[in-house]
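>>> just need the structure, nothing else, for what follows:
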Amino acid sequence: MTIHHIVLYKFKPEATPEQRQSVKDSAGALPSQIPAIQSLVTGETVFNPLGHGYDDGVIFLFESVAKLQEYRPHKAHLDYQAFSAPYIEDKLIFDIETA
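Modelled structure (predicted):
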């Protein structure tokens, strides 16, 4: 089974392009800091009228729920959340399991 941890971000209007990029770069660095992350992809939205205004997303892959639970309290994850919080207006997190 694989866990897809999907995070959608809505940036604050005042977040600069550089700040937005730094959030993406920081997310991209997490697999090198957190062994529980199997892989991840990041990207900007492709306009969809049902997208609810979310700007970017990250999809993390974990081999099990146990690995996802290892990730959540990891210091690098908590540091990432604290770093990105000033630039994020809203986020949506959705986890799914696939065979």
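
>>> how many residues are close by Thr49?
Quick fix: residue 49 reads Pro, not Thr. 5 (other C-beta atoms under 10 Å). Heads up, the C-betas are built off the backbone N, CA and C, glycines and all.

>>> quick check, pLDDT for it.
Reported pLDDT at Pro49 in the predicted model: 85.

>>> which SS state does it fall under?
With DSSP: H, G, I helix; E, B strand; the rest coil as the basis, Pro49 sits in coil.

>>> can you map out the strands along the protein?
Under the criterion DSSP state E, the chain contains strands at 2-11, 39-44, 56-62, 88-98.

>>> what about those, which gets the closest to Leu30?
strand 39-44 (6.9 Å; C-beta to C-beta).

>>> buried set for that closest one?
The neighbour-count check on strand 39-44 (16 or more other C-beta atoms under 10 Å) flags 40, 42 as buried.

>>> try stretch 68-76
Residues of stretch 68-76 classed as buried by neighbour count (16+ other C-beta under 10 Å): 68, 70-71, 74, 76.

>>> most tightly packed of the strands of the chain?
Most buried of those by mean neighbour count (mean count of other C-beta atoms under 10 Å) is strand 56-62; its value is a mean of 20.

>>> residues contacting that one, please?
By C-beta atoms under 8 Å, 6 or more residues apart in numbering, the list of residues contacting strand 56-62 from outside reads 2-9, 11, 20, 23-24, 27, 30, 36-45, 68, 71.
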